[in-house]
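Chemist: everything below, folded, please.
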Amino acid sequence: MDDLLARLGEILGPGGLLTGAEVTGRRAGPWAGSGTILAKAIARPRETAQVAAVMKLCHEARQPVIPFGGLTGLVHGTASGPDDLLLSLELMNQIEHVDPVGRTMQVQAGCLLQRIQEAAEHEGLLFPLDLGARGSCTIGGNVSTNAGGNRVIRFGMTRELVLGLEAVLADGTVISSMNSMLKNNAGFDLKQLFIGTEGVLGIVTRLVLRLREAPASQNTAFVAFADFPSVTAFLKHVDRRLGGNLSAFEVLWRDVYDLLTSPPATGRPPLERGAPFYALVESLGGDQESDDIRFTAALEAALESGLIVDAAIARNLAERNAMWGIRDDVGQFQRFAPVTGFDVSLPIRDMDAYGETLARGIRARWPEGRVWIFGHLGDGNLHVVVGVGSADEETKRAVDEIVYRPLAALGGSVSAEHGIGLDKKPHLGLSRNAEEITLMRRLKAMLDPRNILNPGKVLEMP
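Modeler: Residues are numbered from 1 along each chain as shown. Have a look, this model is predicted:
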């Protein structure tokens, strides 16, 4: 290892290789209790050629390499041990080119999501991917996990926003597929090997991103419902009435709404408490005046027909930000620590029954246990937070079983947008059949025969 570190230091130059306290002094995740990084060293290349050289050496030495970005993931996808080498692209953080005519942006993988959003906005464009960790997550991490976020219902997952990419394989081979066209059916779409595969098949180094024209209007509202069938009926109603402009449909079960709008939370309820379900609805359009009329008319029609029981429309940017502040204040769940968060997807029609089944299962075993449900319902994605008073391994396995097991019969997924990492690996078989998992292993064995890239994550290799 010492010889390998010396050679890596030569490749990376001054400041390119961190060891000792420079490694252990860094936090391993987004939360206060995440602990510090445990690894032998952190390699910080400045260009793709250095990434390739690092991987070539590590491949020859059979040295495990754990790639990481902003460390905002929630499934321990970047967990490391004392003998691992971490590879960070934090120094490869440049926006290389913006094409306002073709509406594309070429970036290095270590660039922060928020910086990309701001650069697009400067050109009168929009990069639609948006999530709460925008100020600290990197685009490379977003791509490796196929991140979702708040606007999937309108613009799709990260996968739909990537036109081309460059990646380095485990042996140092550089795969450059920096396509910038919307249409390119010339053979296999190789970029898909590296999107959503959590760094186990290769390290994404550069990207070509698809941009959209910046919206000229924005309308936001909170609405309340009397029952779950009204939630699903209103989703169809508002999507149809807004003519494709619906960009967010975030639903909060009653206890989540109460929690996020009561002190010590800073959010204040835009609607009276007491309804069983609430939704934060947002539309992005092309003309503020006409879109205001359309948005208001859609809500008024829903009120008149009884689809919703109340509504509050944001009248300015401050009110809009306050509404989103309620939805994004997920740190409030830590008041009930220890809690465990889950990210699942399932058919929208089954969500109410799933929530009831889940709550019954938790309370049957832990009478004082609590279950909170909220999230991107319009995308088929729910976030579930469970608190049962303990977080030991046996308890966690039992809670996992209650949360995940019903998804198999519903055709749901144990991971909607956060990936598999280490946490969900034991449950992958609930969402992927044996043949799919076998093919995943064959791809891993072909591209990383020595199993050095993020070993142990996503798949258990023989």
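
Chemist: show me the domain layout of the chain.
Modeler: Per the record, the chain has its domains at 2-88, 95-213, 217-330, 337-435, by automatic domain parsing.

Chemist: most tightly packed of these?
Modeler: domain 95-213 (a mean of 20; mean count of other Cβ atoms under 10 Å). For glycine as for every other residue, the C-beta is placed from the backbone atoms N, C-alpha and C.

Chemist: distance from the chain centre to that domain, please.
Modeler: How far domain 95-213 lies from its chain's middle: 13 Å, per Cα atoms, centre = their mean, to the nearest Å.

Chemist: not counting its neighbours along the chain, what's nearest residue 303?
Modeler: Take residue 303 and drop its neighbours on the chain: the residue closest to it by Cβ to Cβ, 6 or more residues apart in numbering is residue 311, 6.4 Å away.

Chemist: show me what contacts that neighbour?
Modeler: 221-224, 271, 299, 302-303 (Cβ atoms under 8 Å, 6 or more residues apart in numbering).

Chemist: on that earlier part again, least reliable of the domains of the chain going by mean pLDDT?
Modeler: Among the domains of the chain, domain 2-88 carries the lowest mean pLDDT, a mean of 92.

Chemist: how long is it from one end to the other?
Modeler: This stretch, domain 2-88, spans 20 Å end to end (Cα to Cα, to the nearest Å).

Chemist: now for residue 400: which residues touch it?
Modeler: 426-427.

Chemist: from residue 255, how far off is it?
Modeler: For residue 400, the distance to residue 255 equals 21 Å [Cβ to Cβ, to the nearest Å].

Chemist: with residue 404 instead?
Modeler: From residue 404 to residue 255 the distance is 21 Å (Cβ to Cβ).

Chemist: ok, now residue 46?
Modeler: Separation of residue 46 from residue 255 (Cβ to Cβ): 48 Å.

Chemist: same deal with residue 360?
Modeler: 15 Å.

Chemist: same check, this time on residue 302
Modeler: Per Cβ to Cβ, residue 302 is found 24 Å from residue 255.

Chemist: what does residue 371 give?
Modeler: In terms of Cβ to Cβ, residue 371 sits 8 Å off from residue 255.

Chemist: show me which of the contacts of residue 311 is closest to residue 78.
Modeler: Nearest to residue 78, judged by Cβ to Cβ, of the contacts of residue 311 is residue 222 at 35.4 Å.

Chemist: quick one, phi/psi of the closest one?
Modeler: Per-residue torsions, residue 222: phi -100, psi 140 (degrees, to the nearest 10).

Chemist: name the nearest residue to it, ignoring sequence neighbours.
Modeler: That would be residue 270: by Cβ to Cβ, 6+ apart, it lies 4.5 Å from residue 222.

Chemist: and the one you found, helix, strand or coil?
Modeler: The three-state label given to residue 270 by DSSP: H, G, I helix; E, B strand; the rest coil is coil.

Chemist: quick one: contacts for it?
Modeler: Under the criterion of Cβ under 8 Å, 6+ apart, the contact list for residue 270 reads 222, 312, 319, 322-323, 326.

Chemist: quick revisit: could you dump the domains of the chain to CSV with distance to residue 448?
Modeler: Below are the domains of the chain laid out as CSV (distance: least, Cβ to Cβ, whole Å):
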stretch, distance to residue 448
domain 2-88, 9
domain 95-213, 4
domain 217-330, 34
domain 337-435, 16
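
Chemist: which one of those lies nearest to residue 450?
Modeler: Closest approach to residue 450 among the domains of the chain (Cβ to Cβ): domain 2-88, 5.4 Å.

Chemist: what distance separates the closest one from the middle of the whole chain?
Modeler: For domain 2-88, the distance to the chain centre is 22 Å (Cα atoms, centre = their mean).

Chemist: what ranges do the strands span in the stretch 1-150 of the chain?
Modeler: 17-19, 41-43, 65-68, 85-88, 95-99, 104-108, 125-126 (DSSP state E, counting those that start in this stretch).

Chemist: turn the ones you listed into JSON lines, including distance to residue 333.
Modeler: Conversion of these to JSON lines gives the following (distance: least, Cβ to Cβ, whole Å):
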{"stretch": "strand 17-19", "distance to residue 333": "33"}
{"stretch": "strand 41-43", "distance to residue 333": "31"}
{"stretch": "strand 65-68", "distance to residue 333": "24"}
{"stretch": "strand 85-88", "distance to residue 333": "29"}
{"stretch": "strand 95-99", "distance to residue 333": "35"}
{"stretch": "strand 104-108", "distance to residue 333": "33"}
{"stretch": "strand 125-126", "distance to residue 333": "30"}
